[in-house]
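**Q** What shape does this take:
(2 chains)
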Amino acid sequence: MKRGFPVALAVALGLLSLYPLQATGYGIRVMLQLFMWIALAQSWNLISGLTGYVSFGHVAFFGMGAYTASILIAKAGWAWPLACLAGGVMAMVLALVIGWPCLRLKGPYFAIAMLGLNEVLRVAVSYYEGLTGGGNGLSLPTLDASVRIYYAMGLVAALVTALTYVIITSRFGLRLMTIREDELAAEAMGIDTFRYKLYAFLLSAVGPGIVGGLAARDQGYIEPISVFPLVTTITMIVMALFGGKGTIWGPVLGAVLLFTFQEMVWARFIYLHQLLFGAVIVAVVLLMPRGILGVLQQKYNLPRTI
Amino acid sequence: MLITPAMIGQVVISGLLAGSLYAMVALGLGLIFGVMRVLNVAHGPLLMLGAYTTFGLFHWLGLNPYLSLAASMPLLFVVGAVLQWGLVRRVVDAPELSSLLLTFGLAIGIVNLAQLAFSSDLRSVEYLTGSFVLGPFAFSKSRLIACGFAVVITAGAFLFLKMTRLGKAIRAVSQSREVAQVCGINVQRIHMIAFGFASALAAGGGSLVAVMVAIQPEMGGVYTFKSFLVIVLGGAGNYPGALLGGLLLGLVEQLSSLFLTTQVNEAVAYILLVLVLLVRPTGLLKGRAA
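**A** Below you'll find the predicted structure:
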């Protein structure tokens, strides 16, 4: 197991990097979306899975990245890879601005503040029509770059997962998990909890920012309701929760399983899509709040950080 | 643009009219949070069900929309109590993530069912239009009457919480569940009643706005958001705080639409919320620290 896992991982990454050589356009788009969900679920995991602070508006960073990148591409003529990186930077700036006041809030208040942030951004984007196109949305110049976006998206997903690995196995990660278990005790041990929460929050914003830009470039068109939906936040949370939050591979596993399920099953029940998703959420929350890896960890006494 | 005292007066009146309705709806959300520490994302969709009840009774039976309060509130009381007993009960002691997700799942399920049952077409209850004019001020008839009902219902709810044995039991559970249990209060039953009661308040709000705004399955989301704002502004778990927060939100929205534009209402209210949380994390009236 210990030696087999890196080999299997290398093989999987190798296969995924060769996949575009003989895939159809549709296949590439599907895989690209899967990478997007892995990056999103994993980023949410960084702040909420590790510190226990529920970011209930994480899609705000996705939307921020999408709008930053789209404006830079459409109005300033930037190259898309650069624009997407700028989207990541702007998402971090937003995280700093909002995290500075809000990370001092405890429990449900933080969740409400994050939910509000997302709603407000959506309203603000609709309002500043000159820059964002308002409710009419923003179209990007046409460009066929799915294969390149496939690699970029895959790279972001891999980097965010690698970052999670580095964090969870470091002292920084231990400090974050101490905050999750008992913030008061963490303070008493001399951990500057606010600073570490803020670092984790900034790191968790950059992935969604870049991914938002890439998704906008891939779709070629964005509008407020397409990049700021609450349901995107919920989807990344449920993916992380289903796989096992606070673990390295849980969000990846959850994203792969739920996304596959979504592609295979939900597309056939268009009218019942939301009802089924609601049922999945309720089932995950009630039946396995610790997630697949959480259950396995308990059963086989595995380390808490696989 | 010149702003006259009459305009300010008009804005204050409109703000209070809208705010009384927010206060009533948010009192329900605050009750659920106070009693069982659950943030109910499905509060807005429950309001939507109340609005459809009024629409249905008006459309098919020609029932006066204000009389339909007597149907929508008991109906949603039952729906709320059943939801609590069947699902929400299981996440009462879980971390807030569980209750947020569970009630979100409920919310999209309810919205989806409403879409299937009523379609996504915009519906309206055309009952009372026009305004009363009094000196320099104009009052929209439907808003004035809605405000009247909201004040009566909210006052009734407060009297209920203050005076009756059941109301006292609800307040006792929200102060300390363990002590209440030791005193012989059936906490499970109180949770169920509180959720039903809160759903009835949401339904009352739905019936009252049915006359004013377009009815559609996704109309509830914005009320969930506003109710969250109200209870945090006022102090979560503090019931008079919900009243204060509701009136304040109504005023801020109207003032920002006078000085800025209607579209930024929510942004202004949100900035106010963040400021309040920074200065007084427990809300304006002392709420419960999490």
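
**Q** C-alpha from now on. contacts and neighbour counts both.
**A** Fine.

**Q** Spatially, what comes nearest to whichever residue of chain B sits closest to chain A if we skip its sequence neighbours?
**A** Proximity of chain B to chain A (Cα to the nearest Cα) peaks at residue B:105, 3.9 Å away. Nearest residue to residue B:105 in three dimensions, chain neighbours excluded: residue A:278, at 3.9 Å (Cα to Cα, 6 or more residues apart in numbering or on different chains).

**Q** any idea how far the helix or strand harbouring the one you found is from the chain center?
**A** In this assignment (DSSP states H and E), residue A:278 forms part of helix A:273-287. Here helix A:273-287 is found 20 Å from its chain centre; the criterion is Cα atoms, centre = their mean, to the nearest Å.

**Q** got the buried residues for that helix?
**A** Buried residues in helix A:273-287, counted by 16 or more other Cα atoms under 10 Å in any protein chain shown: A:273-282, A:284-286.

**Q** just stretch A:133-153 next, same as before
**A** A:133-135, A:137-140, A:146-147, A:149-153.

**Q** Low-confidence ranges, chain B, go.
**A** Along chain B, segments meeting pLDDT under 70 span B:1-2, B:262-263, B:286-290.

**Q** Show me the strands in it, by range?
**A** Shown for chain B, the strands assigned by DSSP state E span residues B:131-134, B:137-140.

**Q** Kindly export the first one (C-alpha atoms) in CSV.
**A** To tie it back to what came earlier, the one meant is strand B:131-134. C-alpha atoms of strand B:131-134 as CSV (Å, rounded to 0.1, in the frame of the first residue of the first chain):
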residue,chain,number,x,y,z
SER,B,131,-52.3,54.1,-2.5
PHE,B,132,-53.8,56.2,0.2
VAL,B,133,-52.7,59.8,0.0
LEU,B,134,-52.3,61.7,3.3
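
**Q** Output the set of residues of the stretch 101-250 of chain A in proximity to chain B.
**A** Within the stretch 101-250 of chain A, the positions near chain B by Cα under 8 Å from any Cα of the partner chain are A:101-102, A:105-109, A:112-113, A:116-117, A:119-121, A:123-124, A:127, A:234.

**Q** If we use 6 Å, what do you get?
**A** A:107, A:120 (Cα under 6 Å from any Cα of the partner chain).

**Q** Please enumerate the strands of the stretch 101-250 of chain A.
**A** Using DSSP state E, counting those that start in this stretch, the strands found in the stretch 101-250 of chain A span residues A:138-139, A:221-222.

**Q** List the neighbouring strands of the last one plus their orientation.
**A** Strand pairing for strand A:221-222, determined by DSSP bridges: strand A:138-139 (antiparallel).

**Q** distance between the partner strand and the chain's centre?
**A** 23 Å.

**Q** now swap in stretch B:186-201 and tell me
**A** The chain centroid and the centroid of stretch B:186-201 are separated by 15 Å under Cα atoms, centre = their mean.

**Q** ok, and for it, which residues are buried?
**A** B:187, B:190-201.

**Q** tell me, what residue is most central in chain A?
**A** Central residue of chain A (Cα atoms, centre = their mean): residue A:40, 1.4 Å from the mean position.

**Q** of the buried residues of stretch A:133-153, the lowest pLDDT goes to which?
**A** Lowest pLDDT among the buried residues of stretch A:133-153: residue A:135, with 75.

**Q** For burial, what's the neighbour tally of residue A:128?
**A** By the measure other Cα atoms under 10 Å in any protein chain shown, the count of residues near residue A:128 is 12.

**Q** Please enumerate the helices of the stretch 1-150 of chain A.
**A** With DSSP state H, counting those that start in this stretch, the ranges of helices along the stretch 1-150 of chain A come out as A:4-18, A:25-44, A:50-51, A:59-76, A:80-102, A:108-127, A:129-132, A:146-168.

**Q** Same question for the stretch 101-250 of chain B.
**A** Assigned by DSSP H, counting those that start in this stretch, the helices in the stretch 101-250 of chain B fall at B:141-163, B:165-175, B:177-182, B:187-210, B:221-234, B:239-259.

**Q** distance of whatever residue of the stretch 51-200 of chain A ends up closest to chain B from residue B:75?
**A** For the stretch 51-200 of chain A, the residue closest to chain B is residue A:120, as judged by Cα to the nearest Cα, at 5.0 Å. As for residue A:120, its distance to residue B:75 is 33 Å (criterion: Cα to Cα, to the nearest Å).

**Q** higher neighbour count, these two?
**A** More neighbours surround residue A:120 than the other of residue A:120 and residue B:75, with 22 against 18 (other Cα under 10 Å).
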